[in-house]
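> predicted model follows, preceded by the sequence.
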Amino acid sequence: MDVQSIGVIGTGVIGSSWAAFYASRGFKVKMYDVDPSFCQKGHRRAMDHIGALRLGGLLSEKAAKKAISDMTTVNDFDEAVKDIQLVQESVAESYEIKQQVFKIMDAETPPDVILASSSSGLLMTEIQKVTRHPERCLIAHPFNPPHLIPLVELVPGERTEDHTICEMKRFFEGLGKVPVVLKKEAPGHIANRLAAALWREATDIVLKGIASVEDVDKALFAGPGIRWAFMGQHLIYHLGGGEGGMEHFIDHIGPAFEDWWKSMATWTSLPPEAKNILVEGVEEELRGKSLTEVTQWRDEKLIRLWKVIYG
Ligand SMILES: NC(=O)c1ccc[n+]([C@@H]2O[C@H](COP(=O)([O-])OP(=O)(O)OC[C@H]3O[C@@H](n4cnc5c(N)ncnc54)[C@H](O)[C@@H]3O)[C@@H](O)[C@H]2O)c1
(Lines give C-alpha, C1' and ligand atoms only; values in the text may rest on other atoms or scores of the structure.)
Protein backbone atom coordinates (compact mmCIF):
# COMPACT_ATOMS: atom_id res chain seq x y z
CA MET A 1 0.00 0.00 0.00
CA ASP A 2 1.69 3.14 -1.21
CA VAL A 3 -0.12 6.10 0.29
CA GLN A 4 0.86 9.63 -0.69
CA SER A 5 -2.42 11.52 -0.53
CA ILE A 6 -5.45 11.08 1.72
CA GLY A 7 -8.98 12.41 1.36
CA VAL A 8 -10.62 13.41 4.66
CA ILE A 9 -14.38 13.56 4.17
CA GLY A 10 -16.21 15.42 6.94
CA THR A 11 -14.08 17.98 8.77
CA GLY A 12 -15.73 18.22 12.18
CA VAL A 13 -14.05 17.30 15.48
CA ILE A 14 -12.62 14.00 14.19
CA GLY A 15 -11.97 14.82 10.52
CA SER A 16 -9.93 17.91 11.40
CA SER A 17 -7.87 15.96 13.92
CA TRP A 18 -7.29 13.13 11.41
CA ALA A 19 -6.20 15.75 8.85
CA ALA A 20 -3.64 17.12 11.32
CA PHE A 21 -2.44 13.61 12.16
CA TYR A 22 -1.96 12.55 8.53
CA ALA A 23 -0.34 15.86 7.52
CA SER A 24 1.99 15.63 10.53
CA ARG A 25 3.13 12.23 9.21
CA GLY A 26 4.03 13.69 5.81
CA PHE A 27 0.92 12.93 3.73
CA LYS A 28 -0.88 15.35 1.46
CA VAL A 29 -4.41 15.77 2.81
CA LYS A 30 -7.50 16.99 0.98
CA MET A 31 -10.27 18.11 3.33
CA TYR A 32 -13.91 18.16 2.21
CA ASP A 33 -17.12 18.88 4.06
CA VAL A 34 -20.66 19.12 2.74
CA ASP A 35 -20.79 22.56 4.39
CA PRO A 36 -17.93 24.76 3.06
CA SER A 37 -17.95 26.93 6.20
CA PHE A 38 -17.43 23.78 8.34
CA CYS A 39 -14.61 22.85 6.01
CA GLN A 40 -12.85 26.18 6.64
CA LYS A 41 -13.48 25.85 10.37
CA GLY A 42 -12.10 22.29 10.29
CA HIS A 43 -9.03 23.47 8.41
CA ARG A 44 -8.37 26.18 11.04
CA ARG A 45 -8.80 23.57 13.79
CA ALA A 46 -6.38 21.23 12.01
CA MET A 47 -3.82 24.07 11.77
CA ASP A 48 -4.23 24.71 15.50
CA HIS A 49 -3.57 21.00 16.13
CA ILE A 50 -0.36 21.22 14.10
CA GLY A 51 0.57 24.31 16.13
CA ALA A 52 0.00 22.37 19.36
CA LEU A 53 2.14 19.45 18.11
CA ARG A 54 4.86 21.97 17.26
CA LEU A 55 4.63 23.72 20.64
CA GLY A 56 4.63 20.37 22.43
CA GLY A 57 7.86 19.39 20.67
CA LEU A 58 6.31 16.55 18.64
CA LEU A 59 6.93 18.32 15.32
CA SER A 60 9.89 20.39 14.13
CA GLU A 61 9.33 23.91 12.77
CA LYS A 62 10.05 22.62 9.26
CA ALA A 63 7.73 19.62 9.55
CA ALA A 64 4.94 21.81 10.97
CA LYS A 65 5.26 24.26 8.05
CA LYS A 66 5.18 21.37 5.57
CA ALA A 67 2.16 19.81 7.32
CA ILE A 68 0.27 23.10 7.13
CA SER A 69 1.04 23.53 3.43
CA ASP A 70 0.08 19.87 2.79
CA MET A 71 -3.48 20.34 4.10
CA THR A 72 -5.81 21.79 1.51
CA THR A 73 -9.57 22.28 1.47
CA VAL A 74 -11.69 21.45 -1.56
CA ASN A 75 -15.30 22.40 -2.28
CA ASP A 76 -16.00 19.52 -4.57
CA PHE A 77 -16.46 15.88 -3.41
CA ASP A 78 -15.06 14.52 -6.70
CA GLU A 79 -11.93 16.62 -6.27
CA ALA A 80 -11.49 15.38 -2.67
CA VAL A 81 -11.30 11.74 -3.76
CA LYS A 82 -9.25 12.29 -6.93
CA ASP A 83 -5.62 11.05 -6.98
CA ILE A 84 -5.69 9.75 -3.43
CA GLN A 85 -4.90 6.27 -2.12
CA LEU A 86 -6.90 6.33 1.13
CA VAL A 87 -10.13 7.99 2.25
CA GLN A 88 -10.79 8.66 5.92
CA GLU A 89 -14.53 9.26 6.17
CA SER A 90 -15.56 11.23 9.27
CA VAL A 91 -19.11 12.39 8.56
CA ALA A 92 -22.08 12.21 10.95
CA GLU A 93 -22.76 8.90 12.74
CA SER A 94 -25.72 7.75 10.64
CA TYR A 95 -26.14 4.76 8.33
CA GLU A 96 -28.07 6.92 5.87
CA ILE A 97 -25.36 9.60 5.60
CA LYS A 98 -22.43 7.17 5.64
CA GLN A 99 -24.06 5.02 2.95
CA GLN A 100 -24.59 8.11 0.73
CA VAL A 101 -20.94 9.05 1.17
CA PHE A 102 -19.61 5.49 0.63
CA LYS A 103 -21.68 5.15 -2.53
CA ILE A 104 -20.03 8.25 -4.02
CA MET A 105 -16.53 7.36 -2.79
CA ASP A 106 -16.90 3.86 -4.24
CA ALA A 107 -18.07 5.19 -7.61
CA GLU A 108 -15.42 7.92 -7.85
CA THR A 109 -12.28 6.00 -6.84
CA PRO A 110 -10.36 3.10 -8.42
CA PRO A 111 -10.94 -0.20 -6.56
CA ASP A 112 -7.50 -0.21 -4.94
CA VAL A 113 -8.26 2.97 -2.94
CA ILE A 114 -9.06 2.00 0.65
CA LEU A 115 -12.24 3.47 2.12
CA ALA A 116 -12.02 3.79 5.92
CA SER A 117 -14.81 5.00 8.16
CA SER A 118 -14.23 6.66 11.55
CA SER A 119 -17.58 5.38 12.82
CA SER A 120 -17.74 5.08 16.60
CA GLY A 121 -19.98 2.05 16.54
CA LEU A 122 -21.82 1.39 13.26
CA LEU A 123 -21.40 -1.90 11.43
CA MET A 124 -19.37 -1.90 8.19
CA THR A 125 -21.52 -4.77 6.87
CA GLU A 126 -24.42 -2.29 6.61
CA ILE A 127 -22.36 0.57 5.15
CA GLN A 128 -20.57 -1.50 2.50
CA LYS A 129 -23.87 -2.86 1.12
CA VAL A 130 -24.11 0.19 -1.18
CA THR A 131 -20.63 -0.29 -2.70
CA ARG A 132 -19.47 -2.22 -5.76
CA HIS A 133 -16.11 -2.92 -4.08
CA PRO A 134 -16.94 -3.77 -0.46
CA GLU A 135 -13.65 -5.65 -0.08
CA ARG A 136 -11.72 -2.37 0.36
CA CYS A 137 -14.09 -0.87 2.99
CA LEU A 138 -13.41 -1.02 6.72
CA ILE A 139 -13.92 0.83 9.97
CA ALA A 140 -10.79 2.61 11.22
CA HIS A 141 -12.13 4.05 14.44
CA PRO A 142 -9.89 6.55 16.24
CA PHE A 143 -10.14 7.90 19.73
CA ASN A 144 -10.61 11.63 20.12
CA PRO A 145 -8.34 13.43 19.29
CA PRO A 146 -6.75 11.11 16.68
CA HIS A 147 -3.70 13.35 16.26
CA LEU A 148 -2.78 12.53 19.89
CA ILE A 149 -4.42 9.24 20.90
CA PRO A 150 -2.69 6.16 19.47
CA LEU A 151 -5.59 3.66 19.36
CA VAL A 152 -7.27 2.81 16.05
CA GLU A 153 -9.84 0.01 15.99
CA LEU A 154 -9.87 -1.82 12.67
CA VAL A 155 -13.18 -3.55 12.05
CA PRO A 156 -14.08 -5.57 8.97
CA GLY A 157 -17.57 -5.91 7.57
CA GLU A 158 -18.73 -9.30 6.32
CA ARG A 159 -17.44 -8.46 2.83
CA THR A 160 -14.15 -6.78 3.79
CA GLU A 161 -11.09 -8.69 2.58
CA ASP A 162 -8.50 -9.81 5.16
CA HIS A 163 -5.90 -8.17 2.95
CA THR A 164 -7.50 -4.72 3.53
CA ILE A 165 -7.32 -5.14 7.30
CA CYS A 166 -3.72 -6.45 7.18
CA GLU A 167 -2.59 -3.56 4.98
CA MET A 168 -4.21 -0.98 7.22
CA LYS A 169 -2.77 -2.57 10.35
CA ARG A 170 0.71 -2.35 8.86
CA PHE A 171 0.05 1.18 7.65
CA PHE A 172 -1.01 2.43 11.10
CA GLU A 173 1.79 0.58 12.89
CA GLY A 174 4.22 2.33 10.57
CA LEU A 175 2.76 5.68 11.65
CA GLY A 176 3.21 4.93 15.36
CA LYS A 177 -0.47 4.23 16.01
CA VAL A 178 -1.70 1.29 18.10
CA PRO A 179 -4.13 -0.60 15.86
CA VAL A 180 -6.33 -3.39 17.22
CA VAL A 181 -8.18 -5.74 14.90
CA LEU A 182 -11.66 -7.01 15.74
CA LYS A 183 -12.25 -10.62 14.70
CA LYS A 184 -15.89 -9.78 14.10
CA GLU A 185 -17.93 -6.59 14.24
CA ALA A 186 -20.02 -5.48 17.23
CA PRO A 187 -21.91 -2.22 17.84
CA GLY A 188 -19.44 0.17 19.53
CA HIS A 189 -16.42 -2.00 18.61
CA ILE A 190 -14.24 -2.68 21.71
CA ALA A 191 -13.37 0.58 23.41
CA ASN A 192 -16.76 2.26 23.11
CA ARG A 193 -18.53 -0.85 24.40
CA LEU A 194 -16.25 -0.73 27.44
CA ALA A 195 -16.74 3.04 27.74
CA ALA A 196 -20.52 2.61 27.51
CA ALA A 197 -20.53 0.01 30.30
CA LEU A 198 -18.37 2.27 32.47
CA TRP A 199 -20.41 5.39 31.74
CA ARG A 200 -23.67 3.66 32.65
CA GLU A 201 -22.28 2.76 36.06
CA ALA A 202 -20.61 6.18 36.48
CA THR A 203 -23.98 7.81 35.81
CA ASP A 204 -25.85 5.40 38.06
CA ILE A 205 -23.49 6.13 40.96
CA VAL A 206 -24.41 9.83 40.62
CA LEU A 207 -28.15 9.12 40.23
CA LYS A 208 -28.16 6.88 43.32
CA GLY A 209 -26.52 9.72 45.30
CA ILE A 210 -23.38 7.68 46.03
CA ALA A 211 -20.99 10.39 44.78
CA SER A 212 -20.87 13.61 42.76
CA VAL A 213 -20.00 13.84 39.05
CA GLU A 214 -16.67 15.40 40.00
CA ASP A 215 -15.77 12.67 42.49
CA VAL A 216 -16.73 9.89 40.07
CA ASP A 217 -14.41 11.50 37.50
CA LYS A 218 -11.62 11.81 40.10
CA ALA A 219 -12.08 8.17 41.12
CA LEU A 220 -11.35 7.28 37.51
CA PHE A 221 -8.52 9.59 36.49
CA ALA A 222 -6.55 9.54 39.74
CA GLY A 223 -6.87 5.78 40.19
CA PRO A 224 -7.39 3.25 37.42
CA GLY A 225 -6.88 5.87 34.70
CA ILE A 226 -3.19 6.24 35.51
CA ARG A 227 -2.63 2.53 34.86
CA TRP A 228 -5.00 2.43 31.90
CA ALA A 229 -2.61 4.71 30.02
CA PHE A 230 -0.32 1.73 29.53
CA MET A 231 -2.06 -1.45 30.82
CA GLY A 232 -5.42 -3.08 30.22
CA GLN A 233 -7.81 -4.46 32.83
CA HIS A 234 -6.87 -8.12 32.32
CA LEU A 235 -3.18 -7.51 32.91
CA ILE A 236 -3.92 -5.17 35.82
CA TYR A 237 -5.93 -7.90 37.57
CA HIS A 238 -3.27 -10.50 36.77
CA LEU A 239 -0.85 -8.34 38.79
CA GLY A 240 -3.58 -7.83 41.41
CA GLY A 241 -3.45 -11.60 42.03
CA GLY A 242 0.17 -11.38 43.22
CA GLU A 243 2.20 -14.51 42.62
CA GLY A 244 -0.96 -16.47 41.84
CA GLY A 245 -1.76 -14.08 39.01
CA MET A 246 -5.15 -14.03 37.30
CA GLU A 247 -6.11 -17.48 38.63
CA HIS A 248 -5.69 -16.39 42.25
CA PHE A 249 -7.34 -13.04 41.54
CA ILE A 250 -10.48 -14.78 40.21
CA ASP A 251 -10.61 -17.24 43.15
CA HIS A 252 -9.91 -14.56 45.75
CA ILE A 253 -11.68 -11.38 44.56
CA GLY A 254 -14.05 -12.94 41.99
CA PRO A 255 -16.91 -13.56 44.49
CA ALA A 256 -16.80 -9.90 45.59
CA PHE A 257 -17.17 -8.82 41.97
CA GLU A 258 -20.24 -11.04 41.70
CA ASP A 259 -21.82 -9.16 44.62
CA TRP A 260 -21.02 -5.78 43.02
CA TRP A 261 -22.40 -6.88 39.63
CA LYS A 262 -25.69 -7.81 41.30
CA SER A 263 -26.09 -4.22 42.59
CA MET A 264 -25.14 -2.49 39.34
CA ALA A 265 -27.17 -0.64 36.74
CA THR A 266 -28.65 -2.64 33.88
CA TRP A 267 -30.77 0.08 32.20
CA THR A 268 -30.48 0.49 28.43
CA SER A 269 -31.93 4.05 28.12
CA LEU A 270 -30.46 7.00 29.94
CA PRO A 271 -32.91 7.81 32.78
CA PRO A 272 -34.63 11.12 31.93
CA GLU A 273 -33.31 12.93 35.02
CA ALA A 274 -29.70 12.03 34.16
CA LYS A 275 -29.18 14.72 31.50
CA ASN A 276 -29.68 17.77 33.76
CA ILE A 277 -27.80 16.19 36.65
CA LEU A 278 -24.78 15.36 34.48
CA VAL A 279 -24.82 18.77 32.72
CA GLU A 280 -24.86 20.57 36.09
CA GLY A 281 -22.28 18.21 37.55
CA VAL A 282 -19.81 18.82 34.72
CA GLU A 283 -20.39 22.60 34.96
CA GLU A 284 -19.49 22.44 38.64
CA GLU A 285 -16.42 20.36 37.84
CA LEU A 286 -15.25 22.91 35.24
CA ARG A 287 -15.51 25.88 37.67
CA GLY A 288 -16.13 28.39 34.87
CA LYS A 289 -13.37 27.25 32.52
CA SER A 290 -14.31 27.48 28.83
CA LEU A 291 -14.40 24.52 26.48
CA THR A 292 -11.42 25.95 24.58
CA GLU A 293 -9.38 26.24 27.79
CA VAL A 294 -10.21 22.68 28.80
CA THR A 295 -9.48 21.29 25.31
CA GLN A 296 -6.10 23.07 25.33
CA TRP A 297 -5.31 21.78 28.81
CA ARG A 298 -6.28 18.24 27.76
CA ASP A 299 -4.11 18.37 24.64
CA GLU A 300 -1.08 19.73 26.55
CA LYS A 301 -1.39 16.89 29.07
CA LEU A 302 -1.89 14.34 26.27
CA ILE A 303 1.27 15.52 24.51
CA ARG A 304 3.27 15.17 27.74
CA LEU A 305 1.78 11.75 28.42
CA TRP A 306 2.38 10.66 24.83
CA LYS A 307 6.07 11.53 25.22
CA VAL A 308 6.37 9.48 28.42
CA ILE A 309 4.66 6.41 27.04
CA TYR A 310 5.36 6.44 23.32
CA GLY A 311 8.22 8.95 22.89
N1 LIG B 1 -16.45 13.00 18.48
C2 LIG B 1 -15.82 11.91 18.92
O3 LIG B 1 -15.38 11.83 20.09
C4 LIG B 1 -15.57 10.75 17.99
C5 LIG B 1 -14.53 9.85 18.29
C6 LIG B 1 -14.23 8.83 17.38
C7 LIG B 1 -15.00 8.68 16.22
N8 LIG B 1 -16.03 9.55 15.97
C9 LIG B 1 -16.80 9.35 14.73
O10 LIG B 1 -16.32 10.25 13.75
C11 LIG B 1 -17.38 10.63 12.88
C12 LIG B 1 -17.51 12.15 12.89
O13 LIG B 1 -17.81 12.58 14.20
P14 LIG B 1 -17.51 14.08 14.68
O15 LIG B 1 -17.59 14.06 16.17
O16 LIG B 1 -16.30 14.61 14.00
O17 LIG B 1 -18.80 14.82 14.11
P18 LIG B 1 -18.97 16.36 13.74
O19 LIG B 1 -20.43 16.65 13.82
O20 LIG B 1 -18.02 17.20 14.52
O21 LIG B 1 -18.51 16.42 12.21
C22 LIG B 1 -19.19 15.75 11.19
C23 LIG B 1 -18.96 16.56 9.92
O24 LIG B 1 -19.46 15.81 8.81
C25 LIG B 1 -20.02 16.73 7.90
N26 LIG B 1 -20.91 16.03 6.98
C27 LIG B 1 -22.16 15.57 7.22
N28 LIG B 1 -22.65 14.98 6.11
C29 LIG B 1 -21.68 15.04 5.17
C30 LIG B 1 -21.57 14.61 3.82
N31 LIG B 1 -22.60 13.99 3.22
N32 LIG B 1 -20.41 14.84 3.15
C33 LIG B 1 -19.39 15.48 3.76
N34 LIG B 1 -19.43 15.93 5.03
C35 LIG B 1 -20.56 15.71 5.73
C36 LIG B 1 -20.71 17.77 8.77
O37 LIG B 1 -20.94 18.98 8.04
C38 LIG B 1 -19.69 17.91 9.90
O39 LIG B 1 -18.76 18.93 9.66
C40 LIG B 1 -18.62 9.90 13.39
O41 LIG B 1 -18.81 8.71 12.69
C42 LIG B 1 -18.28 9.61 14.85
O43 LIG B 1 -18.95 8.48 15.34
C44 LIG B 1 -16.32 10.58 16.81
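Here it is on my side, so go on. Predicted, not measured: the structure shown is a model, and the values here were computed from it. Numbering: from 1, shown residues only.

> which residue does the stretch 1-150 of the chain have closest to the ligand?
Nearest residue of the stretch 1-150 of the chain to the ligand: Gly12, at 1.9 Å (Cβ to the nearest ligand atom). In this view, the C-beta of every residue, glycine as well, is placed from N, C-alpha and C.

> I figured that residue hits Cys39, correct?
No: here Gly12 lies out of contact with Cys39, judged by Cβ atoms under 8 Å, at a distance of 9.9 Å.

> which one's more surrounded, the two?
Cys39 (23 against 18; other Cβ atoms under 10 Å).

> for that one, what are its contacts?
Residues near Cys39 by Cβ atoms under 8 Å, 6 or more residues apart in numbering: Thr11, Met31, Tyr32, Asp33, Thr73, Asn75.

> before we move on, what about Leu182?
Leu182 makes contacts with Glu153, Leu154, Val155, Pro156, His189, Ile190, as judged by Cβ under 8 Å, 6+ apart.

> relative to Ile277, how far out is the residue nearest to Ala274 when sequence neighbours are not counted?
Closest residue to Ala274 apart from its sequence neighbours, by Cβ to Cβ, 6 or more residues apart in numbering: Thr203 at 5.5 Å. Here the criterion is Cβ to Cβ, to the nearest Å. By it, Thr203 lies 8 Å from Ile277.

> look at those two and report which has more neighbours.
It is Thr203, of Thr203 and Ile277, that has more neighbours when counted by other Cβ under 10 Å, with 21 against 15.

> report the distance from stretch 76-83 to the chain centre.
24 Å (Cα atoms, centre = their mean, to the nearest Å).

> that one: which residues count as buried?
Of the residues in stretch 76-83, Phe77, Ala80, Val81 count as buried by neighbour count, 16 or more other Cβ atoms under 10 Å.

> next one: stretch 148-167
Residues of stretch 148-167 classed as buried: 148-150, 152-157, 160, 164-165, 167 (neighbour count, 16+ other Cβ under 10 Å).

> among the residues you listed, which ones are in helices?
Thr164, Ile165, Glu167 (DSSP state H).

> can you lay out those residues as a markdown table showing pLDDT and distance to Leu58?
Listed next are these as a markdown table, based on pLDDT from 0 to 100; distance: Cβ to Cβ, whole Å:
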| residue | pLDDT | distance to Leu58 |
| --- | --- | --- |
| Thr164 | 98 | 29 |
| Ile165 | 98 | 28 |
| Glu167 | 98 | 26 |
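
> kindly reformat these as TSV containing distance to the ligand.
Output for those, formatted as TSV (distance: Cβ to the nearest ligand atom, whole Å):
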residue	distance to the ligand
Thr164	19
Ile165	18
Glu167	21
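
> follow-up on the earlier one: just the contacts of Leu182 now: which is nearest Arg136?
Using Cβ to Cβ, Pro156 comes nearest to Arg136 of the contacts of Leu182, at 11.0 Å.

> pretty sure the closest one contacts Thr164?
Yes: when contacts are counted by Cβ under 8 Å, Pro156 is listed as touching Thr164 (7.4 Å).

> list residues touching both of these two?
Leu138.

> any idea of the pLDDT on Ile190?
Listed pLDDT for Ile190 reads 98.

> can you check the one 5 residues further on too?
The predicted local confidence for Ala195 comes out at a pLDDT of 97.
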